[in-house]
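[1] Prediction below, plus the sequence it came from.
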Amino acid sequence: MNMTPTYSEIQETLNSADFEGLPSLNISVLRTVMLESIEPYVRYQALQMGHNASVQFGEYDNIFQEAVGGRLDLLNPKTDVVLVFMGLESLSWELSRNFASMTPQAVGDEVNRIQEYMETVLAGIRRQTSGMIIWHGLETPLYPALGIVDSQVETGQLATISKLNAHLRAALASTPNSFFLNMDFCRADVGSRNFYDLRYWHIGRAPYTLEGVSAIAFEQAKFIRPLKGKNKKCLVLDCDNTIWGGIIGEDGLNGIKLAKTHPGSSFFEFQQEVVNLYNRGIIIALCSKNNEADVWEVFEKHPDMVLKKEHIATAQINWQDKAANLRQIALDLNIGLDSLVFMDDSDFEVNLVREQLPEVEAVHMPKKTPVLYRDILAGGGWFDTLTFSVEDRNRGAMYRAEAGRKELKAQATDMASYYQSLEMVIQTERANEFSIPRISQQTQKTNQFNLTTRRYSEADIADLAASDTSEVLFLSLKDKFGDSGIVGTCILHFKDNEAIFDSFLLSCRVLGRNVENVFITQALQVAKDRGCTRAIGEYFATPKNAQVDSFYALQGFEELSADGSGADKRFAYDLGQSLPEPPDFFESITFI
Amino acid sequence: MKERAYRVIANVMNVPAESIDDNSSPDTIEEWDSIKHMNLILALEQEFSIQFEDEQIADMLSAELVIETLKELGIQ
């Protein structure tokens, strides 16, 4: 739901905001109508994402010249986003306002002409900039040309416009970084009477009200957020009066409101929407002040819980303050606080989080009107992504698998039998063109189990992999719960019979499974095979990697005195000795 | 009401609120062009939950006329 403030309030916010240091966002508008009033809304949405947007308008109804003829100050390599508003009135007065007079032949000719025109404009924009194109689709007429018959026939105005939109959508889909924005959504959200301003349509060819342009800017933000990596990844939910009505500790399992019928149906539908997000790859977590056993009892025993324990990636159910708990959730999931949306019915908790963790999107749920809950979640647009892949669909399963592992761990009587029951398969390889992007990404993102925290681009990794004096190894892991993909990276440098561990890092979600022991032994074997006599491991301390400060010592390395290299600790391993055998609880360990 | 209207004018034109008086108009405020005028009208309508007639819109070309028109529409 669009909760944007009024025009005057937004102007005030923008006039007094401190844009110093915010990354820029260059937005260009190509249009056949006047819509200058959208500018503050676009800039306001960008400011919410931490960007300083500048909006530049093309000339009124001059799209073709600007897109095809070129206009360097409007469309250039620095353009981040191009907004295209091409109204049917200016494309074809005949189709938009004089449709009833047209023969099917004339309609067909006009459709072909417009399709070609739009394709030419699209290609023209793409030639000048690789920035994101957001094309605002044609609006469905409120009063179709043939009246009620129009909805019955395939030759009507409605069907014709829908055909043009379908064609446009296909053209955009086959052009990189180009997207179709459905204007009918924006109009439906505010209602057509609030969307159009006929006075200004006649006075100055400005069709939309402030509410209208606000709704359009809100919709655009759903595209720009993922473009800038600002889309949210995890939904954190309070329990009492958020996922069910009432307080479980007081009202009990039979007293809370949760049912297919009123008044519990608000919560039932809200939970269904949470599960929809789960199925789109959004991580779901709980953060509530309850007795933990009470909450899980509802999950296990309440017949109308749509949300199940297996949907929950992690939970902080305790009496500590929620800011601390949200920090812990981000840590557990190894994601940033700015990836979280937190929903709670308590003003106190929401304000606390807004104050202490401004990077978290804290959403206040109006306890007195839970009928709105579903729309608040579904209409927020925080989680939208530009694509939806198989991996997205599986992400929920990946986190669920992690929950399954934790459960199995709780059941297993000793660790070895737990590890064995996981049926873990390790495969280690040298970097190749397919793995380089993920390896680079891992060096960029891994903070905790990372001995040196050196960040490398894809080009860096490719250079290292091709070099004679270094090796880039990566480790993949799968088990009975799923494939974790590439979870470990090791970079070795070789110099004078010594192998130096330039980087050694593992994804946090596989820790505690002895994978690191196997990986380091494999790396030492590589060094030994090259004839090295000694391996050197270094530890560079950061605020986040304290857990690995004795990693090398635990692996049987001897600590050396520090030298001038800047490392906080240095260790050496004598490769003259025989290397340890890997633990026997892995299903298989291969090195290719 | 006058204060609220002045604040909206100041916000839309991005000038200090103190600089607005009855005589403020496109002649005294450089930023007050035809596009800003339209934005001002829309912002005033939103602020006071009213609708101007299209002819009023064209006539309201000073702070004083804005206030008068608002009064005509029953805003006190």
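    Nice, thanks for sending it over. Please read all numbers here as calculations on a predicted model, not as lab measurements.
[2] Please determine how far A:L14 is located from B:I67.
    According to Cβ to Cβ, to the nearest Å, A:L14 and B:I67 sit 25 Å apart. Glycine gets a C-beta too; all of them are placed from N, C-alpha and C.
[3] Please disregard the earlier target; I meant A:V111.
    A:V111 sits 51 Å away from B:I67, taking Cβ to Cβ as the criterion.
[4] elements contacting the helix or strand where A:S476 lies?
    Here A:S476, judged by DSSP states H and E, is contained in strand A:470-479. On a contact count with 3 or more Cβ pairs under 8 Å, 6 or more residues apart in numbering or on different chains; DSSP states H and E, strand A:470-479 meets strand A:425-430, helix A:436-445, helix A:458-466, strand A:482-495, helix A:515-529.
[5] By mean pLDDT, show me the worst of those.
    Least confidently modelled of the helices and strands packed on strand A:470-479 is helix A:436-445, at a mean of 84 by mean pLDDT.
[6] Contacts for the strand holding A:S476 next, please.
    Residues outside strand A:470-479 that contact it (Cβ atoms under 8 Å, 6 or more residues apart in numbering or on different chains): A:401, A:405, A:422-431, A:435, A:438-439, A:461, A:464-465, A:483-494, A:502, A:506, A:510, A:515, A:518-519, A:522-523, A:526, A:587.
[7] what does stretch A:171-185 give?
    Contacting residues not belonging to stretch A:171-185 are listed as A:118-119, A:122-123, A:126, A:130-140, A:165, A:168-169, A:216, A:219-220, A:223, A:386 [Cβ under 8 Å, 6+ apart].
[8] List the buried residues in stretch A:228-236.
    Neighbour-count burial for stretch A:228-236 flags A:228, A:230-236 (criterion: 16 or more other Cβ atoms under 10 Å in any protein chain shown).
[9] CA atoms only for stretch B:21-30, dumped as CSV, please.
    Taking Å, rounded to 0.1, in the frame of the first residue of the first chain, the C-alpha atoms of stretch B:21-30 are listed here in CSV:
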residue,chain,number,x,y,z
ASP,B,21,3.7,37.6,1.7
ASP,B,22,0.4,38.7,0.0
ASN,B,23,2.3,40.2,-2.9
SER,B,24,4.2,37.0,-3.7
SER,B,25,3.6,36.1,-7.3
PRO,B,26,5.3,34.8,-10.4
ASP,B,27,6.7,38.3,-10.7
THR,B,28,8.4,38.2,-7.3
ILE,B,29,9.3,34.5,-7.1
GLU,B,30,11.5,33.4,-9.9
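[10] So it, near chain A or not?
    No: Stretch B:21-30 does not reach chain A (Cβ under 8 Å from any Cβ of the partner chain); its nearest approach is 14.3 Å.
[11] Give me the buried stretch members for that stretch, please.
    Result for stretch B:21-30 [16+ other Cβ under 10 Å]: buried residues B:24, B:29.
[12] so for it, what's the average pLDDT?
    If you average the pLDDT values across stretch B:21-30, you get 91.
[13] what separates it from the chain centre, distance-wise?
    Relative to the mean C-alpha coordinate of its chain, stretch B:21-30 is positioned 10 Å out (Cα atoms, centre = their mean, to the nearest Å).
[14] what about the residue in the stretch 301-450 of chain A positioned nearest to chain B, how many residues close to it?
    Closest approach between the stretch 301-450 of chain A and chain B, counting by Cβ to the nearest Cβ: A:G379, at 20.9 Å. By other Cβ atoms under 10 Å in any protein chain shown, 15 other residues sit near A:G379.
[15] Surely A:V306 forms part of a helix?
    No: using DSSP: H, G, I helix; E, B strand; the rest coil, the secondary structure at A:V306 is coil, not a helix.
[16] Quick one: residues contacting it.
    Contact analysis of A:V306 by Cβ under 8 Å, 6+ apart lists A:268, A:271-272, A:274-275.
[17] same thing but at 7 Å, please
    Shown in contact with A:V306 (Cβ atoms under 7 Å, 6 or more residues apart in numbering or on different chains): A:268, A:271-272, A:275.
[18] Convert stretch A:437-456 to PDB, retaining C-alpha atoms only.
    Extracted C-alpha coordinates of stretch A:437-456, given in PDB (Å, rounded to 0.1, in the frame of the first residue of the first chain):
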ATOM      1  CA  PRO A 437      31.600 -15.300 -10.600                       C
ATOM      2  CA  ARG A 438      30.500 -17.200  -7.500                       C
ATOM      3  CA  ILE A 439      34.100 -17.300  -6.100                       C
ATOM      4  CA  SER A 440      34.400 -13.600  -6.600                       C
ATOM      5  CA  GLN A 441      31.100 -13.000  -5.000                       C
ATOM      6  CA  GLN A 442      32.100 -15.200  -2.000                       C
ATOM      7  CA  THR A 443      35.300 -13.200  -1.400                       C
ATOM      8  CA  GLN A 444      33.100 -10.000  -1.500                       C
ATOM      9  CA  LYS A 445      30.400 -11.200   0.800                       C
ATOM     10  CA  THR A 446      32.100 -13.500   3.400                       C
ATOM     11  CA  ASN A 447      32.900 -11.800   6.600                       C
ATOM     12  CA  GLN A 448      32.900 -14.200   9.400                       C
ATOM     13  CA  PHE A 449      34.800 -17.400   8.400                       C
ATOM     14  CA  ASN A 450      37.400 -15.500   6.400                       C
ATOM     15  CA  LEU A 451      41.000 -15.500   7.500                       C
ATOM     16  CA  THR A 452      42.300 -12.500   5.500                       C
ATOM     17  CA  THR A 453      39.100 -10.800   4.100                       C
ATOM     18  CA  ARG A 454      40.600  -9.900   0.800                       C
ATOM     19  CA  ARG A 455      38.000  -8.900  -1.800                       C
ATOM     20  CA  TYR A 456      38.400  -9.900  -5.400                       C
END
